[in-house]
Each structure stands twice: as C-alpha cells, then as structure tokens.
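J.: pasting a predicted model and its sequence here:
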Amino acid sequence: MSAAPAIPLSATRLVGIAKLAAESVTLEAKRVVQYSEIECRSVLNRAGGQMPFRWSINPYRGCEFACRYCYARYTHEFMELRDSRDFEDRIFAKARVGPILRRELGKIDGRDGIAIGTATDPYQPAERRFRRTREILEVFAMARGVDLTITTKSDLVTPDIDLLQQIAVHNRVGVNITITTVDATLARLLEPRAPHPDLRLRAVRKLADAGIPVGVFPNPIMPLITDQEDRLDKLAAAAKAHGAMWLAGGVLFLMPSAQRVFFPFLQLHYPHLLRRYQERFESDAYLRGPYRDTIRERLQRIRQRHGLAASDTRPAQNQDSSQAVLFPEAAQLA
C-alpha cells in the first residue's frame, strides 16, 4: 500500500502534534472515514484529578462512534482539526505502540493503575484493521503485577478474551462496557456508529463466561434523557442478567467542543430541553449541586435492588509483590 499525505495541511507553520498529524500517512480510507498513522513519543499518559488510576492509554486519536456528547472532541483541536466531523472521520492509529509501551512500563509502578480507553474507544472499527489495542495487550500479557482496566462500548473486545485471560494470570484486569441505554432507538440517536446495546450486553456475557471481571457504565447519565430511574433500572437488570459485577455511572459534562455537537442534536430531537441545557452548561462544563447527589442516590438504590457493586472491589490477589512489577527482566533493563 503506497503511503500518501493524509491531510492537506501545510506542515511548515505547524508544531508538535499538529505537525505530526499533517505529516502522517494514510493507512486506509473507507466511506467518509480516513485512517492515518501518527508517530507518538509516549503511550502512557499521566492521569490527573481524582481518577482511580495513575496512567491512561488511548491507542487511537479520534473516534468513529460519533457520540453526540463525547468530551474528547477537543483533542483533535491540538492537531488544528477543528471541524467536529474531523474527530469522527479522521482517525489516527498510533505507531509503534508495543515497543514504546514496553519501554515505558519499565519506568513505572503498574500497581498504581493503568486504564485503556479513557478518551477514545480502543475497540472502535479501526481496531479491526490496525489492532493497536491488541498490540498493547500483548505487552501486558508478559507483565507482572499490573492493575489494568479497559473501557469500551464495543463488542470487538471479545476476540481479545484469550489475551485478557493471559493477562489475568499475573495481573489484575477488568473490563467496563459502556451502555448508555438499552433503548436501541435512543442509543442510535446518541451514538450513531456505536454497536447496538444488545451486542454490548452479549459482550458482557462472553467476558463473564470467560472469567473476566466485567461491569457496566451507563455513561454519561444525561438529565431528562437517560437519567430516569426506570431507564437506569432496566439497564441494571440487563447488566446483571448478562453477568456484570458492577454498575458505575457519572453525569454528563459538556466541554465547548462537545456543545457544538450536542446542542444542535437537542435542537433537532429534544428542542424543549435545549434552553435548559444551555443555561446549565454554557458557563460551566460540569453539572454541580444537588443533581449529582440525586443521581448518586438513585444509582445506589438500583444497585442494591439488583445486587450490583459500585465498582470493581476485588482484592489484588493476582499481583505478586515478590516479583519485579511488570516484566521479570525489568530490573536488568533498568
């Protein structure tokens, strides 16, 4: 396959990630989606705030699922790709993720927590072709003592069950399947290119049957759209029936880049909600105040009703502290 310039940008006036994006080569183009490969200096990103993990990994930049609410749209702006459609239609696969990750793992303590899929989905359609997430998991399969989580809204995770089982022998691993709603019509409106909710539930069942701890994220919980107790209860019941161990949800937050997509969506499908959303989000991307407490209490009632945990509470029984964390040869490499 011949390499051609992926994006007709002038690289002479760009720097950093924008310059790398402009110089990337096209891997494949289908429909309106263009896949490119982009160089990266690092695979591990340090997590900020109060996250339950220290490090995050996103094998791809951009996401084909085109979720109306996606906060990660702003990441394409670093590459001077500011049209909201660019985030959905220009997908960048990170190059040499395996060797880079292996080198970086020798420098950190994997017990601090590593999360795959915190911004863009690691099992979006690009993974069928370029298998960057599987390349990353192959590295973790040789690791020791890592606390690893994967978050996805795709059933493409199931072909990697063999690797997840290998990883689980010497590490702590769990999978979060995001299912915003079990209402297929609503899901298609909110997440136009994401897998059907039933496919995601089947993925939960396959993971559970394979002995991989799995939970469900009803994220993001959207006021007056997906936050009703009966909607969340149906989702919890389905999650439990398919083998989920936990149900953990967070309320919607809308960064300006997401507002440019979500507000027109509301205007078209929920015009009666548009003004209320604008009043709450235009001055602050985060919902604050009693609403968060209301949702927290609602989820707790639902979890108790269905016997679901609030998170993956398993002890770190697979983390052997007597060995060098990560690779057995890490000490020699250091």
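T.: Received, thanks.

J.: okay, now Arg102: neighbour count?
T.: Using other C-beta atoms under 10 Å, Arg102 has 20 neighbouring residues. Every C-beta, even on glycine, is put in place using the N, C-alpha and C of the backbone.

J.: okay, and it sits in which element?
T.: For Arg102, the enclosing helix or strand under DSSP states H and E is helix 97-105.

J.: so what does Gly289 look like in phi/psi?
T.: phi 90, psi -160 (degrees, to the nearest 10).

J.: can you list the strands that the helix or strand following the helix holding Arg102 pairs with?
T.: Sequence order places strand 114-116 as the next helix or strand after helix 97-105, per DSSP H and E. Each strand paired with strand 114-116, and its direction, by DSSP bridges: strand 55-57 (parallel), strand 147-152 (parallel).

J.: and stretch 84-102, what's buried?
T.: 84, 86-95, 97, 100-102 (16 or more other C-beta atoms under 10 Å).

J.: can you give me the end-to-end span of it?
T.: 34 Å (C-alpha to C-alpha, to the nearest Å).

J.: ditto for stretch 120-140
T.: Stretch 120-140: ends 20 Å apart by C-alpha to C-alpha.

J.: for this structure, just list every one of the strands.
T.: All strands of the chain, identified by DSSP state E, fall at 25-30, 33-38, 45-46, 55-57, 60-61, 90-94, 114-116, 147-152, 172-178, 214-217, 246-247.

J.: a markdown table for those, including mean pLDDT and distance to Val204?
T.: Shown next, in a markdown table, are those (pLDDT from 0 to 100; distance: least, C-beta to C-beta, whole Å):
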| stretch | mean pLDDT | distance to Val204 |
| --- | --- | --- |
| strand 25-30 | 51 | 29 |
| strand 33-38 | 94 | 27 |
| strand 45-46 | 92 | 27 |
| strand 55-57 | 96 | 22 |
| strand 60-61 | 96 | 23 |
| strand 90-94 | 95 | 25 |
| strand 114-116 | 96 | 17 |
| strand 147-152 | 97 | 11 |
| strand 172-178 | 97 | 5 |
| strand 214-217 | 98 | 5 |
| strand 246-247 | 98 | 11 |
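
J.: can you redo these as JSON lines with distance to Gln304?
T.: Listed next are the strands of the chain as JSON lines, based on distance: least, C-beta to C-beta, whole Å:
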{"stretch": "strand 25-30", "distance to Gln304": "46"}
{"stretch": "strand 33-38", "distance to Gln304": "43"}
{"stretch": "strand 45-46", "distance to Gln304": "35"}
{"stretch": "strand 55-57", "distance to Gln304": "31"}
{"stretch": "strand 60-61", "distance to Gln304": "37"}
{"stretch": "strand 90-94", "distance to Gln304": "41"}
{"stretch": "strand 114-116", "distance to Gln304": "27"}
{"stretch": "strand 147-152", "distance to Gln304": "24"}
{"stretch": "strand 172-178", "distance to Gln304": "20"}
{"stretch": "strand 214-217", "distance to Gln304": "16"}
{"stretch": "strand 246-247", "distance to Gln304": "11"}
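
J.: those: which one's closest to Gln124?
T.: strand 60-61 (6.4 Å; C-beta to C-beta).

J.: how about the nearest residue to Pro122 once chain neighbours are set aside, what does it touch?
T.: Leaving out its chain neighbours, the residue that sits closest to Pro122 by C-beta to C-beta, 6 or more residues apart in numbering is Thr133, at 4.2 Å. Going by C-beta atoms under 8 Å, 6 or more residues apart in numbering, Thr133 touches 59, 116, 122-123, 127, 160.
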